[in-house]
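Visitor: requesting a structural model of the entry that follows:
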Amino acid sequence: MSDVLSPQWPILLVDDEVSLLRSLSLTLKRQGKFNNIIQCSDSRAVMSLLAEQKVSAVVLDLMMPHLTGEELLPQIIAEYPDLPVIVLSGLNQIEAAVRCIRNGAYDYFVKASEVDRLLNGLQRAIDLHALPHSKRELAARFLDLDLKIPEAFVSTITRTERMKTIFRYVETVALSHEPLLITGESGVGKELIARSYHRICGPSLPWVPVNLAALDDAEINPVLFGEVKGSKAHEGMIKQAGNGILFLDEIGDISDRAQLKLLRLFREREYIPLGSDKSVRIQAKIVCATNQDLAARVADGRFRKDLYYKLMTHHVCLPPLRERKEDIPLLIPHFFAQLSRLMNKKIPAYPPELAQLLSTYDFPGNIQELKSMIAAALAGHKSRIISLDTFKEAIGFRTGPDVSSPAKGNDVSLPPLIVPEKMPTLNEAAAYLVEEALRRSSGNQSIAAGLLGITRQALGQRLKKLSH
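Guide: Residues are numbered from 1 along each chain as shown. Now for the predicted structure:
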């Protein structure tokens, strides 16, 4: 891959001296790594040229015959207010610089003596110009409720509108070159969403996952950036990713030193392999994931604020399974079918009440815990139908009046009850609890009795009393 940066539209260089135009163009190509350049030596032709050709930025000489840079600048700004214009002068004229900035110039540089500053300023200008167009395109895509590539998300089983909104957002930000950050508790399916992002960008493109938590500070450089000299010379993961997807997992667990290295990578989109003195431009898109609360880690000084804000440019937070329990009836048959194939077993039958039973559990391990639970049930079962008792045992479900063993996925320390101003009687409170247990169990009395810590028969007697 070439390390040359080609902006979406060309850079327009305006100077009456043809030799200077050629020299500046070569400098931008060699040092700045821009290869999409238009030269114009007649300032009178600039406005008609801009009307015919979109450009990413204008580099404008100050002192020219016919129309000076100071005269041309306000015309460009009036017609193209979003277009960044950088003014160049052969003299260090402070007053002229101030006037140009006041008239809308993005920046002002002195020829020859400020080449490095010009290169950096031009890159910032191009980024600035690209941003509004990118945001408008992203907004237009996001407002379109239909997914363009729905097959990219087939691995994430859901019926919830919240997850579908996340799908639309991920499909939209795949247009951008900014990193995508995926957060959420362990087991919620962060890598599945990262894989969906990869399929949107192009399933044939390289996919290179890196578990950052498994690397110490000394390994970050050689593993990610590679080495170019000696017996240990090898390609880093970034180069292996090519123009595909680099997936950086567990980014919330890395040291401050490693965070600084990644910040430079994200900001400059370039890196220096070990043993080299030449920077290499990254071509891949980056997706990051973590189960850490990055805002909390920033607050206590364990995560860099500047890296946090860079990562938050495009961010999705996946909800835990306890907040999308309507997906449980879909996930159960999906995992039974998937795991049965892997175990070379016939797909078993299971009681219709299984979804209601599992919906009473909070799943601290989320979707991965549900999958593991079904795998364990499959591995141990030999009859035609899987018993509910297998799952009741797995979630610590109470089957009788023993209230000393609450379901293990639910919080043992119950929050205080919100009692209305008018105190309910014990009978009224009991009636409310019975009604709530039946609601949570979708009317299944055996499951409701387990939630209440009473027998099925005791619940039946209470229901009889309530009906009178």
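Visitor: C-alpha from now on. contacts and neighbour counts both.
Guide: Noted.
Visitor: shaky segments in the chain?
Guide: 1-8, 31-33, 90-95, 97-98, 111-116, 127-145, 231, 398-419, 442, 468 (pLDDT under 70).
Visitor: so where do the strands sit in it?
Guide: 11-14, 37-40, 57-61, 85-89, 107-110, 180-183, 207-211, 226-227, 234-235, 245-249, 270-271, 280-281, 285-290, 314-317 (DSSP state E).
Visitor: just send those back as TSV, with distance to residue 67 and mean neighbour count too.
Guide: Compiled in TSV, these are given as follows (distance: least, CA to CA, whole Å; neighbours: other CA atoms under 10 Å):
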stretch	distance to residue 67	mean neighbour count
strand 11-14	11	24
strand 37-40	13	18
strand 57-61	10	26
strand 85-89	14	24
strand 107-110	18	22
strand 180-183	45	24
strand 207-211	52	17
strand 226-227	51	22
strand 234-235	52	16
strand 245-249	48	25
strand 270-271	39	20
strand 280-281	38	19
strand 285-290	43	23
strand 314-317	43	18
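Visitor: residue 163 is nearest to which of these?
Guide: Closest approach to residue 163 among the strands of the chain (CA to CA): strand 314-317, 9.9 Å.
Visitor: before we move on, back to that, output the strands of the chain in CSV, with distance to residue 461 appended to each entry.
Guide: Formatted as CSV, these follow (distance: least, CA to CA, whole Å):
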stretch, distance to residue 461
strand 11-14, 82
strand 37-40, 85
strand 57-61, 79
strand 85-89, 82
strand 107-110, 82
strand 180-183, 47
strand 207-211, 56
strand 226-227, 72
strand 234-235, 72
strand 245-249, 53
strand 270-271, 72
strand 280-281, 73
strand 285-290, 49
strand 314-317, 45
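Visitor: for residue 330, which of the ones you listed is the nearest?
Guide: Evaluated over those, closeness to residue 330 peaks at strand 314-317, with 21.3 Å, by CA to CA.
Visitor: out of the strands of the chain, nearest to residue 157?
Guide: Per CA to CA, nearest to residue 157 of the strands of the chain: strand 314-317, 16.5 Å.
Visitor: the nearest residue to residue 466 once chain neighbours are set aside: neighbour count?
Guide: Distance criterion CA to CA, 6 or more residues apart in numbering; nearest residue to residue 466, sequence neighbours excluded, is residue 431 at 7.2 Å. By the criterion of other CA atoms under 10 Å, residue 431 has 16 neighbours.
Visitor: next one: residue 431 from residue 462, what distance?
Guide: Distance from residue 431 to residue 462, counting by CA to CA, to the nearest Å: 8 Å.
Visitor: same question, residue 69
Guide: 89 Å.
Visitor: the more surrounded of the two?
Guide: For residue 69 and residue 462, the more surrounded residue by other CA under 10 Å is residue 69, and the numbers stand at 22 against 14.
Visitor: contacts only, for the residue lying closest to that one once chain neighbours are set aside.
Guide: Once flanking residues are discounted, residue 69 sits nearest to residue 62: 4.1 Å by CA to CA, 6+ apart. Neighbour list for residue 62: 68, 69, 70, 87, 88, 89 [criterion: CA atoms under 8 Å, 6 or more residues apart in numbering].
Visitor: list the contacts for the last one?
Guide: If I follow you right, that is residue 89. Contacts for residue 89 (CA under 8 Å, 6+ apart) come out as 61, 62, 63, 108, 109, 110, 111.
Visitor: can you count the residues close to the residue nearest to residue 371 when sequence neighbours are not counted?
Guide: Leaving aside its chain neighbours, residue 371 sits nearest to residue 335 (6.2 Å; criterion: CA to CA, 6+ apart). Number of residues near residue 335 (other CA under 10 Å) recorded here: 18.
Visitor: re the thing from before, and the contacts of residue 62, which is closest to residue 368?
Guide: Among the contacts of residue 62, and counting by CA to CA, the member closest to residue 368 is residue 87, at 57.2 Å.
Visitor: surely that closest one and residue 107 touch.
Guide: Yes: contact criterion CA atoms under 8 Å: residue 87 and residue 107 qualify, at 6.3 Å.
Visitor: who touches both of these two?
Guide: By CA under 8 Å, 6+ apart, no residue touches both residue 87 and residue 107.
Visitor: before we move on, the earlier item: nearest to residue 452, out of the strands of the chain?
Guide: Smallest distance to residue 452 across the strands of the chain (CA to CA): 33.3 Å, for strand 314-317.
Visitor: list of residues touching the closest one?
Guide: 166, 170, 173, 178, 179, 180, 181, 182, 183, 184.
Visitor: that one: how far from the chain's middle?
Guide: Put simply, strand 314-317 sits 4 Å off its chain's centre (CA atoms, centre = their mean, to the nearest Å).
Visitor: where exactly do the helices run in the stretch 1-150 of the chain?
Guide: 18-27, 46-52, 69-79, 94-102, 115-143 (DSSP state H, counting those that start in this stretch).
Visitor: what's the answer for the stretch 151-300 of the chain, then?
Guide: Going by DSSP H, counting those that start in this stretch, the stretch 151-300 of the chain shows helices at 161-173, 190-201, 217-220, 237-241, 256-268, 294-299.
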